[in-house]
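In: make a model of this:
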Amino acid sequence: AAFEGTAVRITGAGNNNRVAGNYIGTTADGTTALANSWGVRIDGSENTIIGTNGDGVGDAAEGNLISGSAVIGIYLENSSNNNRIAGNTIGTDATGTNAIANWIGIEVYSGDSNIIGTNGDGVSDEAERNLISGNTEDGVQVRTSNNRVAGNYIGTDPTGTSAIPNYTGVRMVSPGGENIIGTNSDGSGDEAERNLISGNTDYGVLFISSGDNHVAGNTIGTNAAGTAALPNGRGVYSIDDSGNIIGTNGDGTHDATEGNLISGNSGVGVAIVESYNTRVAGNFIGTDATGTRAIPNSSGVVIALESRRNIIGTNGDGTSDELERNVISGNSGVGIRLNVDAQSNTIAGNLIGVTPSVDTPGDLDPLGNGADGLIILAGEPLSSGNLIGGDLPVEQNTIAYNGDNGVALVGGTGNRVQRNAIYDNSALGIDLGDNGPTPNDAEDPDLGPNHYQNYPTVTAVINGSGELVVTYFVDSLTTNSTYPLTIEFFEADDVASGEGQTFLAEDSYNETPATLKEVSLGNANALGIAAGDPLVATATDANGNTSEFSLATVVESDVPTALTLDTFAAARGAGRETPAFAALALAALVGLAASDRRRRAA
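Out: Below is the predicted model:
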C-alpha cells in the first residue's frame, strides 16, 4: 500500500461490513512493515466488524494483522457507532512476538457503543481478544463515550508473559466518558472481559479530562496469571477527571469480579491528580492475584494536586462494603500518599500492610509496605480535611506491619484518623511531623500538622463491678483546640510501641482544659480487656485534628491484694517480721487504701 494512503476505508453509506483475515501494513509473510498512513478507517459507518464475528466458526482465521501504519492502525471517526474490533493483532508481526509499530494502535475519535475485544457472551470470547502491542504511542485511545475495551492483551506478547510495549496502554481523553475498560459485570463472560494491560513504557491506563469511566476486573502490571511483575511505567492515572471508578462500583451486582489487580508497576499503582469524586475500590494493589504475596508497585496509591472528595475503599452505604475494601500491601514505598492540596478525601475500610489469611479465614497476615502505611506530605497548598477511617466498623482501616509509621502526618490540618486498627508498624502508629514521638506541651499552642494536637493523659482500672473505668484529661486550651474533643480509646498492641490495635469506645471531652474526667467504657470482659492489658487514646478536636497515640497505660484491677490471715501467716513463717514481711504488709495496706479512695471517689 502507498505510504500516503489508507488501506481500507468504509464510509457512512456502508454499514454492516466485515474486514477479516487480512495483513494490512506488512509484507505478505507478516514480518516487515509495508506502511500505510492508516490501516483501517471507519468513517461514519455502523455495525462493521473488523476481525472475528465470534460465532464459533473459523474465528481464529478471521483476525487481521494491522501493523506498520504511520498514523493509526484502526481509526473510527464521524460518529462511527456500534462497531466491533475483535481478534486482531495490532502493532506486531504475525507471530505477535516482535513490534511492527503503528503510531497509535486503535483510536476511537468519534463514535459510541463500540466494542474493542470480547463482547463477553460466552461464545469464542478468547478468540475475540485483540493483541495490541508494540505501538509507538497509545495502544488504544478513546475520545468519545459509552465504548468498551474488554478481554485484550495490551503491551504484551500473545502468552501474556513478555512485554512488547506500547508507550501508553489505554488512554481516555476529553471529551470521552462513561467508557468501560474491562468487565461490564453482567455475569456473562466477566472473567474473559479482563484486559491484561502490562509491559507498557509509561502508563497502563491514563485518563485525561475524561469522566465517569469504569476500570473493572483488569490485570495491570503483572503477567496474565498475576504471579509475576510485567511492569508498566505507571499503573492507572486519573488526571483532571471526575467520577471515574477504578474497581468495584459497589452496586451489589457482580462486585467481586470488578476489582483490578494493579501490581508490579515501576511507578505508582494508582494516581489521582487534579481529580474529583473518583473511587478506588475492591482492588489488589501491590500483591499477586491471590492477594497474599507481594508484587510491588513503587507506591500503592497517590492523591495529589487539588484532588477533592475521592474515596479509597468503601463508601459505607451498606451495599457491598466488604467488597469495596482495597488490599494495598507489599508495595516498595508507601501504601497511600496524599501530596499537595489533597482535600476532603476519604480512605476507609482498606487493608494496608496486611492481607487476608488463606489458612485461617477472618485473620490477617503481614504483607507490609516498605515505608509508611499512609502519609500526608507537606507542600503548598496543604492537604487538609481528609478522613482516614470512619464511624462504622466497615470504614475502619487496618494499617499494620509497614516499614515506617502506620500513619504519618507531615503537613495539613483537620486530617482525622478515626477508629482504625493500627499496630505492629516499624515506627509510630500515628506520627505528627514524621519526626518521632511528639511530647505534649503546656496548653498545646502549636502550629504544624494537625496543630500537633496534644494527646490525652490516661489511667485505667477494672472496678469491682467489672467495668473498665478510665480517668483522663487533655491539656489543650480552647483557643488552641476547637471543643468538644473526641477521645478514642484502644487496646494497644503492646506497652512499648503503644499503637491502637483494637478500638474500644469513644468519649466527648468538653471539660475545662486539663480537668480530670472519669468515664466507664463498658464491661471489661465484653471489651476483651483484662488487668495488665495496655491501653492508649487519641484526641481529635472538632475541626478534625487528631493527635498521636497517648503513652500506653496498663489497665489495673480495683480488686485489692487482700492481707488475709493465710498470707500473713505465710509471710511470718517465711520471714518472721523480716523486712520482706513488712514490705508485703505495707503493699497490701496501701492497695486497700487506694481501692477505698477510688470507690469513695466514684
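
In: I figured residue 187 was touching residue 254, is that so?
Out: Yes. Between residue 187 and residue 254 there is a contact under CB atoms under 8 Å: 5.4 Å. Bear in mind the C-beta positions are built from the backbone N, C-alpha and C, glycine included.

In: neighbour count for those two, which is higher?
Out: residue 254 (20 against 11; other CB atoms under 10 Å).

In: where does pLDDT dip in the stretch 251-400 of the chain?
Out: The stretch 251-400 of the chain contains no residues with pLDDT under 70.

In: which stretches of it form helices?
Out: Assigned by DSSP state H, counting those that start in this stretch, the helices in the stretch 251-400 of the chain number zero.

In: do the chain as well
Out: 59-62, 524-527, 565-575, 579-601 (DSSP state H).

In: mean confidence score for the third one?
Out: In this model, helix 565-575 has a mean pLDDT of 44.

In: again with the first one
Out: Computed over helix 59-62, the mean pLDDT rounds to 93.

In: do the last one as well
Out: Looking at helix 579-601 alone, the average pLDDT works out to 39.

In: any idea how far the spatially closest residue to residue 124 that is not a sequence neighbour lies from residue 408?
Out: Using CB to CB, 6 or more residues apart in numbering and skipping the chain neighbours, the partner closest in space to residue 124 is residue 54 (4.3 Å). Applying CB to CB, to the nearest Å, the value for residue 54 to residue 408 is 51 Å.

In: and for residue 172?
Out: Residue 172 is 33 Å from residue 408, by CB to CB.

In: more crowded one of these two?
Out: residue 172 (29 against 26).

In: test my guess that that one contacts residue 178.
Out: No. Residue 172 sits out of contact with residue 178 when judged by CB under 8 Å, with a separation of 10.1 Å.

In: which neighbours do those two have in common?
Out: residue 213 (CB atoms under 8 Å, 6 or more residues apart in numbering).

In: residues near the residue nearest to residue 124, how many?
Out: Count around residue 54 with other CB under 10 Å applied: 22.

In: could you check how far it is from residue 111?
Out: On the measure of CB to CB, residue 54 and residue 111 end up 20 Å apart.

In: over to residue 268?
Out: 32 Å.

In: try residue 26
Out: 26 Å.

In: cool, and residue 263?
Out: With CB to CB as the criterion, residue 263 and residue 111 are 33 Å apart.

In: compare neighbour counts for the two and give me the winner.
Out: Neighbours were counted for residue 263 and for residue 111 using other CB under 10 Å; residue 263 has more, 34 against 24.

In: residue contacts, that one?
Out: Here residue 263 is in contact with 220-222, 226, 229, 269, 284-288, 295-297, 330 (criterion: CB under 8 Å, 6+ apart).

In: so what's residue 65 up against?
Out: Contacts of residue 65 (CB under 8 Å, 6+ apart): 22-26, 30, 88-89, 93-94.

In: pull out the buried residues from those.
Out: Among those, those scoring as buried are 22-26, 30, 88-89, 93-94 (criterion: 16 or more other CB atoms under 10 Å).

In: format the residues you listed as a markdown table; extra columns: pLDDT.
Out: Output for these, formatted as a markdown table (pLDDT from 0 to 100):
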| residue | pLDDT |
| --- | --- |
| 22 | 97 |
| 23 | 98 |
| 24 | 97 |
| 25 | 96 |
| 26 | 97 |
| 30 | 96 |
| 88 | 98 |
| 89 | 98 |
| 93 | 98 |
| 94 | 97 |
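
In: spatially, which two of those residues are the most separated?
Out: Greatest spacing in the buried ones among the contacts of residue 65, by CB to CB: 22 and 93 (14.7 Å).

In: could you dump the contacts of residue 65 into CSV with distance to residue 457 added?
Out: Below are the contacts of residue 65 laid out as CSV (distance: CB to CB, whole Å):
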residue, distance to residue 457
22, 78
23, 78
24, 76
25, 74
26, 76
30, 76
88, 69
89, 69
93, 71
94, 74
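
In: surely residue 497 is in contact with residue 431?
Out: No. Using CB under 8 Å, residue 497 is not in contact with residue 431; the gap is 12.0 Å.

In: neighbour count winner among these two?
Out: residue 431 (24 against 20).

In: pLDDT value on the more buried one, please?
Out: 98.

In: and for residue 29?
Out: At residue 29, pLDDT is 96.

In: how many residues are close by it?
Out: Here the number of neighbours of residue 29 (other CB under 10 Å) works out to 9.

In: got a list of what it touches?
Out: Counted by CB under 8 Å, 6+ apart, residue 29 has contacts residue 94.

In: separation between it and residue 100?
Out: As judged by CB to CB, residue 29 and residue 100 stand 12 Å apart.

In: now residue 550: closest residue in space, sequence neighbours ignored.
Out: residue 455 is the one closest to residue 550 (CB to CB, 6+ apart), at 4.2 Å.

In: now residue 245, which residues is it bridged with?
Out: residue 214, residue 279 (DSSP bridges).

In: residues in contact with it?
Out: So residue 245 contacts 213-216, 278-279, 281 (CB under 8 Å, 6+ apart).

In: neighbours of residue 311, how many?
Out: Other residues close to residue 311 by other CB under 10 Å number 21.

In: again with the one 10 residues further on
Out: For residue 321, the neighbour count with other CB under 10 Å is 20.

In: use 55 as the first number from now on
Out: Sounds good: first residue 55 from here, last item residue 375.

In: is it true that it touches residue 448?
Out: Yes. Using CB under 8 Å, residue 375 is in contact with residue 448, at 4.0 Å.

In: what do these two both touch?
Out: 368, 403.

In: what sits against residue 69?
Out: Contacts of residue 69 by CB under 8 Å, 6+ apart are 99-102.

In: output those as CSV; include the columns distance to residue 394 and pLDDT.
Out: Putting those into CSV (distance: CB to CB, whole Å; pLDDT from 0 to 100) gives the following:
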residue, distance to residue 394, pLDDT
99, 46, 92
100, 46, 94
101, 48, 95
102, 46, 95
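
In: for those residues, pick the one with the most neighbours.
Out: residue 99 (25 neighbours).

In: could you find the closest non-adjacent residue to that one?
Out: That would be residue 64: by CB to CB, 6+ apart, it lies 4.6 Å from residue 99.

In: much appreciated, bye for now.
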